[in-house]
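Peer 1: pasted the sequence and its predicted model underneath.
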Amino acid sequence: MKLADVGDVRLHYRIDGPDDGAPVVFANSLGTDMRLWDPILPLLPPGYKYIRFDKRGHGLSTCPPSPYTMGALITDTERLLDHLGVRDCVFVGLSIGGMIAQGLAVKRLDLVRAMVLSNTGAKIGTPAMWDDRIADVAKGGIEALADAVMERWFSSEFRATPELELWRNMLVRQEDQGYMGCSAAISGTDFYTPTSGLRLPTLGIAGAQDGSTPPDLVRETVDLIPGSQFHLIRKAGHLPCVEQPEDYAEVLTKFLREVGHG
Ligand SMILES: O=C(O)CC1=CCC(=O)O1
């Protein structure tokens, strides 16, 4: 079990791979913890240093009371990477993790040499939508919205499998305060202008059936960065690393090689 004290939070993280491997950092989505990446890790090439962490209010990391800001989530990540001595990583961010990727690249390009913006946007939803979601969790806990979240996370085919229950359990076992805190951070974020100024190799990944960050949003976001690439995963919703891990691992592996990482 690895823990890092970064400012007002203690973050739980995990490293797989050799200490001297080229670093690949993963940041996951709202309502998930680092196990989100379990399906793809065994499919990725050996020799890299794969770093995962639970953002504040999620997984085994500490959970300050809601609300959080995107700035705080970015600073947590920056401090974790500084703590680990990471520089020049490929940063893979899914959904809110992709917002953290954009903000981190704007703030500390020395940390990020390339990024994967998976199922994310420069802006996700509207403040009114997030206010409603926060109010629903405050009233009924995450359980109150879990079924609706499953419809956005997964395709109808996947929702018919027994595996659905495991991911639903992951969602409802996150902290309500962590979920509300990160929802508030997303609500207050619009990265269209700062992301437009970024110049680094970028790959967008989208799921054709994503009910939260549809393919057009992902494409529009990566198109802000000249030279970016885009990959659509057809039979997947918001979490293609879970639904189509082979496809996800293949496109990520190709990107790692193309950007000359490792
Ligand atoms: O809509 C959802 O629940 C999925 C999601 C939106 C932002 C994020 O990180 O996850």
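Peer 2: Okay, I see it.

Peer 1: which residues in the chain form strands?
Peer 2: Remark: strands assigned in the chain by DSSP state E are 2-6, 9-16, 23-27, 49-53, 89-94, 112-118, 202-207, 229-233.

Peer 1: may I see the buried residues of stretch 67-74?
Peer 2: P67, Y68, M70, A72, L73, I74 (16 or more other CB atoms under 10 Å). From N, CA and C alone the C-beta is placed, and that goes for glycine too.

Peer 1: any chance of these in TSV, with pLDDT and distance to the ligand too?
Peer 2: TSV is the format used below for those (pLDDT from 0 to 100; distance: CB to the nearest ligand atom, whole Å):
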residue	pLDDT	distance to the ligand
P67	98	15
Y68	98	13
M70	98	11
A72	98	15
L73	98	11
I74	98	14
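
Peer 1: contact partners of stretch 152-168?
Peer 2: Where contact means CB atoms under 8 Å, 6 or more residues apart in numbering, the residues beyond stretch 152-168 that reach it are 146, 150-151, 207, 209-212, 235-239, 242-243.

Peer 1: close to the ligand, is it?
Peer 2: Yes: Stretch 152-168 reaches the ligand (CB under 6 Å from any ligand atom) through R152.

Peer 1: tell me the mean pLDDT for that stretch?
Peer 2: What stretch 152-168 shows for mean pLDDT is 98.

Peer 1: quick check: end-to-end length of it?
Peer 2: End-to-end distance for stretch 152-168: 12 Å, by CA to CA, to the nearest Å.

Peer 1: state the pair within the contacts of stretch 152-168 that is farthest apart.
Peer 2: A146 and K235 (22.5 Å; CB to CB).

Peer 1: re the thing from before, please pick the buried ones from the contacts of stretch 152-168.
Peer 2: For the contacts of stretch 152-168, buried by 16+ other CB under 10 Å: 146, 150, 207, 209-212, 236-239, 242-243.

Peer 1: on that earlier part again, what's the closest of the strands of the chain to the ligand?
Peer 2: Judged by CB to the nearest ligand atom, the one of the strands of the chain that comes nearest to the ligand is strand 89-94, at 7.3 Å.

Peer 1: in its sheet, which strands sit next to that closest one, and in what direction?
Peer 2: In the sheet, strand 89-94 lines up against strand 23-27 (parallel), strand 112-118 (parallel) (DSSP bridges).

Peer 1: hmm, it touching the ligand?
Peer 2: No: using CB under 6 Å from any ligand atom, strand 89-94 stays clear of the ligand, with a minimum separation of 7.3 Å.

Peer 1: between strand 49-53 and that strand, find me the angle.
Peer 2: Between strand 89-94 and strand 49-53, the angle comes out at 40 degrees (axes from the mean of the first three to the mean of the last three CA atoms, to 10 degrees).

Peer 1: strand 89-94 vs strand 202-207, what angle?
Peer 2: Between strand 89-94 and strand 202-207, the angle comes out at 20 degrees (the same axes, to 10 degrees).

Peer 1: please save the CA atoms from strand 89-94 in CSV.
Peer 2: The C-alpha coordinates for strand 89-94 follow below in CSV (Å, rounded to 0.1, in the frame of the first residue of the first chain):
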residue,chain,number,x,y,z
CYS,A,89,5.2,11.2,-18.5
VAL,A,90,2.6,10.2,-20.9
PHE,A,91,-0.6,11.1,-19.0
VAL,A,92,-3.7,9.1,-19.6
GLY,A,93,-6.8,10.9,-18.2
LEU,A,94,-10.4,9.6,-18.5
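
Peer 1: contacts for it, please.
Peer 2: 22-29, 36, 51, 81, 99-102, 104-105, 111-120, 239, 241, 252, 255-256, 259, 261.
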